[in-house]
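>>> need a structure here:
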Amino acid sequence: MIRFLTIFLVTLLVLFTLEMLTPVQQSVIQPFTGGLATVSSMLIMPFDDNVISQGRILRDAITGFAVSIESGCNGVEAAIVLIAGVLAFPANWRQKVAAIVLGFSAIQALNIVRIVSLFYLGQWNYGIFEWTHLYFWPVLIMIDVLIVFAVYLRWLGNQTTREQAA
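Got it, this is the predicted structure:
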């Protein structure tokens, strides 16, 4: 348990520190965040051609309402927590890489649902938008991280059981 906590905390510290570095922000995080806005607008466009994506901003061309996807809202921090947990838990590297790739994808898929929902909630009722943005979605995203990690642990347990039976 001490080994897990040590690796988990050190990995969190290293990855959060790296994420905050200006070169990483400029060359990785900001382009990734802009990509989330682009993907979100591409998913909305078939149903609502009033959406405009500019950098990390989604804007409605008619109402002018916009959401800006900022740090903390791009799913990167949630992914860092998952990555730290996966790296800290004993498994082979193939299993860890698979868990990180699939887990990151699951987090981002839910995050895109979050972005689109907030885009429309903000146009409908700003009070509900604020509550949902500040309380509901952050909890849901972290529950997603916990579920992904739990599924990963279950999968590892099944792998171990199969190896022992063989």
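
>>> in the protein, where is pLDDT below threshold?
Along the chain, segments meeting pLDDT under 70 span 160-166.

>>> gap between D49 and Q108?
Using CB to CB, to the nearest Å, D49 is found at 24 Å from Q108. Where C-beta positions appear, they are placed from N, C-alpha and C, glycine not excepted.

>>> swap that for A150, sorry
Taking CB to CB as the measure, A150 falls 19 Å from Q108.

>>> the more surrounded of D49 and Q108?
Legend: neighbour count by other CB atoms under 10 Å for D49 and Q108, higher for Q108 (20 against 9).

>>> quick one, what contacts the residue nearest to the more buried one when sequence neighbours are not counted?
Spatial nearest neighbour of Q108, chain neighbours left out: G75 (5.3 Å); criterion: CB to CB, 6 or more residues apart in numbering. Going by CB atoms under 8 Å, 6 or more residues apart in numbering, G75 touches L36, I107, Q108, L110, N111, I141.

>>> looking at the residues you listed, which one is closest to F8?
Among these, I107 lies closest to F8 (CB to CB), at 17.3 Å.

>>> what ranges do the strands span in this structure?
Ranges of strands in the chain, per DSSP state E, are 51-54, 57-60, 66-68.

>>> coming back round to it: how close does the residue nearest to Q108 get to L36?
8 Å.

>>> try F89
F89 is 28 Å from L36, where distance means CB to CB.

>>> more crowded one of those two?
Using other CB under 10 Å as the criterion, F89 and L36 rank with L36 on top: 22 against 18.

>>> list the contacts for that one?
R56, I69, N74, G75, Q108, N111, I112, I115.

>>> so where do the helices sit in the protein?
Using DSSP state H, the helices of the chain run over 2-20, 22-24, 30-44, 76-88, 93-124, 126-131, 137-165.

>>> quick check: phi and psi at the residue nearest to Q108.
Dihedral pair for G75: phi 80, psi 0, per degrees, to the nearest 10.

>>> just N74 next, same as before
According to degrees, to the nearest 10, N74 has phi -100, psi 0.

>>> how near is it to L58?
Distance, N74 to L58, using CB to CB: 13 Å.
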